[in-house]
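Engineer: model this:
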Amino acid sequence: MATLAPETPAFSHWSQSQDAHALDHIPGEDGWPIIGTTLELLADPIGYGEKMRAKYGNIYRNRGFGRRGVVLLGADANELVLFDRDKIFSSEQGWGPVLDLLFPRGLMLLDFDHHRIDRRALSIAFKPGPMRHYADALNRGISTRVEQWRGQEMKFYPAIKQLTLDLAADSFMGLPLGPEADQINQAFVDMVAASIGVVRKPLPFTAMGRGVAGRKFLIDYFTREAIRRREQGGGQDMFSQFATATREDGTLLPVDQVVDHMIFLMMAAHDTITSSATSLVWLLAKNPEWQDKLRAELLAVTGGEGRPLAYDDLGKVDLTEMAFKESLRLIPPVPSLPRRALKDFTFGGYRIPAGTGVGISPSSVHMDAEHWAEPKQFNPLRFTAEEVARRHKYAWVPFGGGAHMCLGLHFAYMQIKVLMAQILTRYSIEIEPGYQPQWQPWPIPKPKDGLTVRFVPL
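Structural biologist: Got it, this is the predicted structure:
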């Protein structure tokens, strides 16, 4: 378990460097000159983490993306970092080296009081009234698109990615995307890819250069929209809710901050839900007996093929929710979470000084046999109320935890439940025997071949 060491002066920005030898006492590896362990980490992040844990245990040092840091593994580490009762860990300074040029001032990159104030202002978009509106929009949009998949063999990942973008435009923005849709989609693709680019400056012809250009396009687009909504009055869509949200003192959020929050939220909904939906479809295709169980539940609740899943019925599809949670365990959409220590602390018997980059790993703890019997097996019954009560609270963290628990997690549950209701009451999801696609694990998991599936009518 961790204990807090005497407080030291806090680092005020992620760009402030730490003493070069500050972590020499922590076991680990610095890798090659200049590049450190970056290439090994990018090539196989899960395999790399397993190797380092086997060699060094639940705390080790590495040097990725030009910076030394430590990785803390296990549910206790997750609780220490995510619950953060002593306000040791900065999310802003953890994500800053990776996302500062791409998603600055997104809710995930704010700390402490600033984070709390903006989170409370933005939470209005996830109250029951707006959520009912989103549920209606999701049922309409998903039903129409899923019906077009009847009898098709298709690449699921690009299809659900496009559908998710279209749904975000409807639920989040209250309007269909026009001719700029492809540019918006490409901007998000470029920004996510830039987050793990080896070259960290926005030079021409680099991933970071394309990502920064994508951000500029989105800033221009969303700034125009935010101003228009304030002038014309807001609607029930999420962007209108954000544009007219007020802080505790009654003041509106500045337009540039509304835009930053919206860009970050669209990325999260666009890419993480795409990844999560793809993971669930893949795992259900591999485990058709679970398709049958979910189908029976969804038919009983909705009353028939392709019927809407009402907002008031979302809590009745327990097996569907458990299957989604199990897919998030096996393939978490955010495999690792960075922070930076603002104070000295200890973990596993080691003193970790202020200024240290600290990483925790959902993908590691989700496969830890201490918490999960036969961890590689797909078994949604791990998430019955009895099983959850017996397990460490921080053994399952696909949505993060503590103050930074994902603000949109209930929206994600809703979208996946509606998607499953529309797919499984119509079709059987089938794959070729022996089919085993390779997955790109970082920055957000996706099947390298797009995931070939067939939607066979029942």
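Engineer: Contact partners for the residue lying closest to residue 429 once chain neighbours are set aside?
Structural biologist: Using Cβ to Cβ, 6 or more residues apart in numbering and skipping the chain neighbours, the partner closest in space to residue 429 is residue 285 (4.6 Å). Where C-beta positions appear, they are placed from N, C-alpha and C, glycine not excepted. Contact analysis of residue 285 by Cβ atoms under 8 Å, 6 or more residues apart in numbering lists 291, 429-431, 453.
Engineer: run the last query once more with 10 Å
Structural biologist: Contacts for residue 285 (Cβ atoms under 10 Å, 6 or more residues apart in numbering) come out as 156, 291, 428-432, 435, 451-454.
Engineer: Provide the secondary structure category for residue 378.
Structural biologist: The three-state assignment at residue 378 reads coil, by DSSP: H, G, I helix; E, B strand; the rest coil.
Engineer: what pLDDT does the closest residue to residue 423 other than its chain neighbours get?
Structural biologist: Spatially, and ignoring its direct neighbours in sequence, residue 423 is nearest to residue 146 (5.7 Å; Cβ to Cβ, 6+ apart). On the pLDDT scale, residue 146 is placed at 98.
Engineer: Residue 146 - how many residues pack around it?
Structural biologist: For residue 146, the neighbour count with other Cβ atoms under 10 Å is 21.
Engineer: one step back: what helix or strand is the residue nearest to residue 429 on?
Structural biologist: Assessed by DSSP states H and E, residue 285 sits inside helix 273-286.
Engineer: least trustworthy helix or strand in this structure by mean pLDDT?
Structural biologist: For the chain, the helix or strand with the lowest mean confidence is strand 3-4, at a mean of 48 (criterion: mean pLDDT, DSSP states H and E).
Engineer: helices or strands next to the helix or strand that it is followed by in the packing?
Structural biologist: Per DSSP H and E, the first helix or strand lying C-terminal to strand 3-4 is helix 38-43. Contact here means 3 or more Cβ pairs under 10 Å, 6 or more residues apart in numbering; DSSP states H and E; on that basis helix 38-43 packs against helix 45-56, strand 59-64.
Engineer: for the chain, what's the longest helix?
Structural biologist: Ordering each helix of the chain by length in residues (DSSP state H) puts helix 207-232 first.
Engineer: Name the residues of that helix that come out as buried.
Structural biologist: Using 16 or more other Cβ atoms under 10 Å as the test for burial, helix 207-232 gives 207-215, 217-218, 221-222, 225-226, 229.
Engineer: again with stretch 126-135
Structural biologist: Within stretch 126-135, the residues scored as buried using 16+ other Cβ under 10 Å are 126, 130-131, 133-135.
Engineer: low-scoring stretches of the chain, by residue?
Structural biologist: Of all residues in the chain, those with pLDDT under 70 make up the ranges 1-10, 175-178, 234.
Engineer: Quick check on the contacts of residue 285: which are buried?
Structural biologist: Counted by 16+ other Cβ under 10 Å, those give 156, 291, 428-429, 431, 451-454 as buried.
Engineer: what's the farthest-apart pair in those?
Structural biologist: 291 and 452 (17.0 Å; Cβ to Cβ).
Engineer: Could I get the full set of helices for the stretch 101-250 of the chain?
Structural biologist: Remark: helices assigned in the stretch 101-250 of the chain by DSSP state H, counting those that start in this stretch are 112-122, 128-147, 156-173, 181-194, 207-232, 238-243.
Engineer: For residue 309, which of these is the nearest?
Structural biologist: Nearest to residue 309, of the helices of the stretch 101-250 of the chain and by Cβ to Cβ, is helix 128-147 at 6.6 Å.
Engineer: these two touch, right, residue 220 and residue 259?
Structural biologist: Yes: judged on Cβ atoms under 10 Å, residue 220 makes contact with residue 259 at a distance of 9.4 Å.
Engineer: In TSV, list the helices of the stretch 101-250 of the chain along with distance to residue 268.
Structural biologist: Below are the helices of the stretch 101-250 of the chain laid out as TSV (distance: least, Cβ to Cβ, whole Å):
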stretch	distance to residue 268
helix 112-122	12
helix 128-147	15
helix 156-173	10
helix 181-194	10
helix 207-232	14
helix 238-243	12
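Engineer: Please name whichever of the ones you listed is nearest to residue 72.
Structural biologist: Short answer: helix 112-122, nearest of these by Cβ to Cβ, at 20.4 Å.
Engineer: Pull that closest one out as PDB, backbone CA atoms only.
Structural biologist: Extracted C-alpha coordinates of helix 112-122, given in PDB (Å, rounded to 0.1, in the frame of the first residue of the first chain):
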ATOM      1  CA  PHE A 112      -8.900  19.600  -8.900                       C
ATOM      2  CA  ASP A 113     -11.100  22.800  -8.500                       C
ATOM      3  CA  HIS A 114     -10.900  23.700 -12.200                       C
ATOM      4  CA  HIS A 115     -11.900  20.200 -13.200                       C
ATOM      5  CA  ARG A 116     -14.700  20.100 -10.500                       C
ATOM      6  CA  ILE A 117     -16.200  23.500 -11.600                       C
ATOM      7  CA  ASP A 118     -16.200  22.700 -15.400                       C
ATOM      8  CA  ARG A 119     -17.400  19.100 -14.800                       C
ATOM      9  CA  ARG A 120     -20.400  20.400 -12.800                       C
ATOM     10  CA  ALA A 121     -21.200  22.900 -15.500                       C
ATOM     11  CA  LEU A 122     -21.000  20.200 -18.300                       C
END
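Engineer: Check what contacts it and list those residues.
Structural biologist: The contact list for helix 112-122, computed with Cβ under 10 Å, 6+ apart, reads 84, 87, 90-92, 105-110, 238, 241-242, 245-249, 251-253, 257-258, 260-262, 265, 342, 403-405, 407-408.
Engineer: Right, I'll call it a day here.
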